[in-house]
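> Need coordinates for the following:
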Amino acid sequence: MIDQTAIIDPSAKIANSAHVGPYSVIGPAVEIGEGTFIGPHVVIQGPTKIGRDNKIFQFSSIGEMPQDLKFQGEQTYLEIGDRNTIREFCTFNRGTVQDKTTTRIGHDNFFMAYVHVAHDCQIGNHAIFANNASLAGHVTIEDYVTLSGFSGVFQFCRVGAYSFVATNSVIIKDVPPFIKVSGYYAKPFGLNTIGLQRRGFTEDVLILLRRAYKIIYRNGLTIAKAIEELRKMECVEVQQLIQFIETSRSGITR
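Numbers count the residues shown, from 1 in each chain. Okay, the predicted model is just below:
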């Protein structure tokens, strides 16, 4: 399952059922799990741990040192979960000791071509990154987020679960869960209704989330007053919104 032209460091740990394609380079302190496919001309540097049944396509650079001037060769990490698809020319960097030390990617994510994930990013599960979507360092992407093509996220921003970021958008503030944003710089454009319906959200929940969106964005309230109104609503998803807003360090997109 390992092509004879691949260059594998002796310290790398590659599962028996993993596949490594022609001319790929696997460096020291790399672990590759069962069933993972590494295409041709892929470079993976360590310390990097890759889980099961991932697919990494040609010309990707995985686990390289962070693009951060503070980095002085410290031992930092990249961890990738299971069943992720990483298409051509993606670049995923390790973390820095100034933050989390580890860049983490969860399970079942789809990264299209030319996606960049910088140091210390934390990515959940089932996210979709369209072509050329880019994350600066220290970004958090929650579950079921969609980042459209050529979108970018500034350092230390969070993008909440089930949200949708439109093409060419630039995120400089936290994006609350369940909403759509668009623009340079990104502004809210309503609830991510289609995405939520596709994920099985009921009409009753959608009604409550629409009401919550109006409280936050349409009623002219301060954030503090909006949260007071949201607390009156008995809905798990609305409570998730409250928790996200209250823990925001960058402020939310408005």
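> contact partners of the strand or helix carrying residue 49?
If you go by DSSP states H and E, residue 49 is part of strand 48-50. When contacts are defined by CB atoms under 8 Å, 6 or more residues apart in numbering, strand 48-50 is touched by residues 29-33, 36, 44, 56, 62-63, 77-80, 94. No exception for glycine: its C-beta is placed from N, CA and C like everyone else's.
> Could you report the pLDDT at the spatially most central residue of the chain?
Centroid-nearest residue in the chain, with CA atoms, centre = their mean: residue 123, separated by 3.5 Å. Note for residue 123: predicted pLDDT of 98.
> Spit out the contact partners of it.
So residue 123 contacts 104, 105, 106, 109, 117, 140, 141 (CB under 8 Å, 6+ apart).
> among those, which two are most distant?
Pairwise distances across the contacts of residue 123 peak at 13.7 Å for 109 and 140 (criterion: CB to CB).
> Compare those two (neighbour count), which wins?
residue 109 (25 against 19; other CB atoms under 10 Å).
> Now do the contacts for the more buried one.
Applying CB under 8 Å, 6+ apart to residue 109 gives the contacts 84, 85, 123, 125, 126, 127, 128, 129.
> Just after the lengthiest helix in the chain, pick out the following helix or strand.
Longest helix in the chain, counting residues (DSSP state H): helix 203-217. Counting by DSSP H and E, the next helix or strand C-terminal to helix 203-217 is helix 223-230.
> before we move on, the earlier item: got CSV for the contacts of residue 109, with distance to residue 151 too?
Converted to CSV, the contacts of residue 109 look like this (distance: CB to CB, whole Å):
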residue, distance to residue 151
84, 19
85, 18
123, 14
125, 19
126, 17
127, 12
128, 11
129, 9
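> Neighbour-wise, give me the winner out of those.
Per-residue neighbour counts (other CB under 10 Å) across the contacts of residue 109 peak at residue 129, which has 29 neighbours.
> My read is that that residue contacts residue 149, right?
No. Using CB atoms under 8 Å, residue 129 makes no contact with residue 149, being 9.2 Å away.
> Quickly list what's touching both of those two.
residue 112.
> what's the neighbour count on the closest residue to residue 40 other than its chain neighbours?
Nearest residue to residue 40 in three dimensions, chain neighbours excluded: residue 21, at 3.9 Å (CB to CB, 6 or more residues apart in numbering). By the measure other CB under 10 Å, the count of residues near residue 21 is 19.
> And residue 35, by the same measure?
Neighbours of residue 35 under the rule other CB under 10 Å: 17.
> Please renumber the chain so that the first residue is 526 from this point on.
Taking 526 as the first residue, the last one we looked at is residue 560.
> Just to be sure, it is in a helix?
No. Counting by DSSP: H, G, I helix; E, B strand; the rest coil, residue 560 falls outside a helix, being coil.
> Confirm for me that it is in contact with residue 577.
Yes. Counting by CB under 8 Å, residue 560 does reach residue 577; the two are 5.4 Å apart.
> Show me how to select, in ChimeraX, the buried members of the contacts of strand 573-575.
Selection of buried members from the contacts of strand 573-575 for ChimeraX, criterion 16 or more other CB atoms under 10 Å:
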select :554,555,556,557,558,561,569,581,587,588,602,603,604,605,619
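> any idea how far residue 564 is from the closest residue to residue 528 other than its chain neighbours?
Among residues not flanking residue 528 along the chain, residue 547 sits closest, at 4.5 Å (CB to CB, 6+ apart). Distance from residue 547 to residue 564, counting by CB to CB, to the nearest Å: 9 Å.
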